[in-house]
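**Student:** output the structure for:
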Amino acid sequence: VQLQASGGGLVQAGGSLRLSCAASGSIASIITMDWYRQAPGRQRELVATITRGGSTSYADSVKGRFTISRDNAKNTVYLQMNSLKSEDTAVYYCHADQYSSRLLSYWGQGTQVTVSS
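**Tutor:** Residues are numbered from 1 along each chain as shown. A predicted model of the protein is given here:
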């Protein structure tokens, strides 16, 4: 499985960005896809998850502002980020878990999101 993340950039506080994560390869057994983020000097944290069944979950810090969704036809997961705050500044990573006789974990390259105050 290969994950290609895109959509990061510089935005003013209060603005919006949409991140995309395109999955390719042997994607049939992917069970969840997530977005993580890592700010300088901090640990990587889980931001949002979407399961194969379409269930979603969010970190408390982004609830009500971020929305994770997917387009199955395009094998792409999105993270719509609204009402961005300076504390959302981080490198955002796409992640997928796949189960095929054992659990496998995949990461995409990061995409930088910078929110200016």
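**Student:** quick one, strands of the chain?
**Tutor:** 2-6, 9-12, 17-24, 30-38, 45-51, 56-58, 66-71, 76-81, 90-99, 103-107, 111-116 (DSSP state E).
**Student:** name the strands paired with the first one and say parallel or antiparallel.
**Tutor:** Strand 2-6 has the following sheet partners, assigned by DSSP bridges: strand 17-24 (antiparallel).
**Student:** the strand it pairs with: which residues count as buried?
**Tutor:** Buried residues in strand 17-24, counted by 16 or more other Cβ atoms under 10 Å: 17, 19-23. Placement of C-beta: from N, CA and C, glycine included.
**Student:** would you format those residues as a markdown table with distance to Lys85 and pLDDT included?
**Tutor:** Below are these laid out as a markdown table (distance: Cβ to Cβ, whole Å; pLDDT from 0 to 100):
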| residue | distance to Lys85 | pLDDT |
| --- | --- | --- |
| Leu17 | 12 | 98 |
| Leu19 | 16 | 98 |
| Ser20 | 21 | 98 |
| Cys21 | 22 | 97 |
| Ala22 | 27 | 96 |
| Ala23 | 28 | 95 |
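**Student:** quick one, what contacts Gly25?
**Tutor:** 1-2 (Cβ atoms under 8 Å, 6 or more residues apart in numbering).
**Student:** tell me the phi and psi of it?
**Tutor:** Per-residue torsions, Gly25: phi 100, psi -150 (degrees, to the nearest 10).
**Student:** quick check, Ala96 in contact with Thr76.
**Tutor:** No: using Cβ atoms under 8 Å, Ala96 is not in contact with Thr76, being 11.8 Å away.
**Student:** neighbour count winner among the two?
**Tutor:** Set Ala96 next to Thr76 and count neighbours by other Cβ atoms under 10 Å: Ala96 wins out with 21 against 18.
**Student:** for stretch 57-64, how far is the first residue from the last?
**Tutor:** End-to-end distance for stretch 57-64: 11 Å, by Cα to Cα, to the nearest Å.
**Student:** contact partners of that stretch?
**Tutor:** With Cβ under 8 Å, 6+ apart as the test, stretch 57-64 has contacts from 45-49, 66, 68, 81, 87-88.
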